[in-house]
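> can't give you the sequence, but here's the structure:
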C-alpha cells in the first residue's frame, strides 16, 4: 500500500505532512509520497502525481487520511479515483476507515460523489471568504498584499551608488543576492535586472523596511494585531 500526504500553502487547518505520513505508515503503507505546498485543485494534473501512481504495483491500494488530500476539484477527483479502481487499485481512506473498490455499487459511489462535491464546494467557499477578507485589508486598511519586497534600504542605496559609478545593471544585479527557492534548494541568487531598474527608476520604491512600516500602520488602523503577534502569517 502506498500513501499520499498533501498540504497546500493555505492549508493551515489541515494535518501537517509529518502527522499524515506517520498515520499512513502506521496503517501499513510501505511508502508515503508527500506533496508540500500543492493545491488540491492542481495536484492531479502534475507530473509528480503521475510518477507516484506509476509506483503502484498491480492490485495495490492507495491510501490517504482524507479524500481532500488527493484533490478538491470534484470532477478530477471522481475521475482519478474511478480510473484507479478500473485499473485494480483500491483507495483506502483512514479517517473513515473505508475502502473505495467499485465504480458500480451505489452504496459506494453516491456517498463518494457527494463527498467530492462537498470538498470542492468547501474549497470554493474558503477561497471566496479569503478573497473578501484580503480586499477588506487592502481597501480599508491600506495593507500591502503579495510577496514581500526583495530589496532593503541598504540594497537600494548600494544600487544607486554603483549606478552612479558607472557599473552596468547586470553587474549590479549580480552583486545584490537574495535567498530564493524552497527547502533544501533554497540558496542565495542574484536579483533580476528589472528589479534593479525599478529601484533606480522609482523614487518611492517600496523597500522591505517601508513595506513592514506600512503594514504595521495598516493593522493598527484596522485595530488588529499583526500576524506575527498572533503566531500566524498572511
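Looks like it arrived, so ask away. On a predicted model such as this, the values are computed, not experimentally measured, just so you know.

> which stretches of the protein aren't confidently modelled?
10-14, 181-185, 228-234 (pLDDT under 70).

> Now do the residue lying farthest from the centre of it against residue 159, distance only.
Farthest-out residue of the chain from its mean C-alpha position, per CA atoms, centre = their mean: residue 165, at 42.0 Å. According to CB to CB, to the nearest Å, residue 165 stands 11 Å off from residue 159. To be clear about C-beta, it is placed using only N, CA and C from the backbone, and glycine gets the same treatment.

> Settle this for me: residue 188 is touching residue 174, isn't it.
No: contact criterion CB atoms under 8 Å: residue 188 and residue 174 do not qualify, at 11.3 Å.

> So for those two, which sits in the more crowded spot?
Neighbour count, other CB atoms under 10 Å: between residue 188 and residue 174, residue 174 has more, with 15 against 9.

> does that one sit in a helix or strand, and which one?
helix 169-175 (DSSP states H and E).

> Toward the C-terminus, what is the element adjacent to that helix?
strand 177-180.

> Sheet-wise, list the partners of that following strand with their directions.
When pairs are called by DSSP bridges, strand 177-180 turns out to pair with strand 187-190 (antiparallel).

> Next secondary structure element downstream of the strand it pairs with?
That would be, after strand 187-190 and using DSSP H and E, helix 193-201.

> what's the longest helix along the chain packed up against?
Longest helix of the chain, by residue count under DSSP state H: helix 106-139. If you count contacts as 3 or more CB pairs under 8 Å, 6 or more residues apart in numbering; DSSP states H and E, helix 106-139 packs onto helix 74-86.

> Toward the C-terminus from the helix it packs on, list the very next helix or strand.
That would be, after helix 74-86 and using DSSP H and E, strand 91-93.

> Buried residues in the helix holding residue 174, which are they?
Across helix 169-175, burial judged by 16 or more other CB atoms under 10 Å covers 169, 172-173.

> ditto for stretch 149-158
Result for stretch 149-158 [16+ other CB under 10 Å]: buried residues 149-152, 155-156, 158.

> ok, so of those, who is nearest residue 226?
Nearest to residue 226 out of the buried residues of stretch 149-158 is residue 149 (CB to CB; 16.8 Å).

> contacting residues around the closest one?
206-208, 210-211 (CB atoms under 8 Å, 6 or more residues apart in numbering).

> cool, residue 52 as well?
When contacts are counted by CB under 8 Å, 6+ apart, residue 52 touches 2, 4, 33.

> Tell me the spatial nearest neighbour of the last one, not counting adjacent residues.
Right, the one you point to is residue 33. Excluding its sequence neighbours, the residue lying closest to residue 33 (CB to CB, 6 or more residues apart in numbering) is residue 52, at 4.3 Å.

> Can you check my assumption that the one you found lies in a helix?
Yes: under DSSP: H, G, I helix; E, B strand; the rest coil, residue 52 falls within a helix.

> For residue 135, see how far away it is.
37 Å.

> likewise residue 92?
Counting by CB to CB - residue 92 and residue 135 are separated by 41 Å.

> what do you get for residue 149?
Applying CB to CB to residue 149 and residue 135 gives a distance of 21 Å.

> now do residue 177
Taking CB to CB, one finds residue 177 at 35 Å from residue 135.

> Likewise for residue 195?
Distance from residue 195 to residue 135, by CB to CB: 27 Å.

> same question, residue 116
To residue 135, residue 116 is 29 Å away according to CB to CB.

> Give me the more crowded residue out of the two.
residue 116 (23 against 11).
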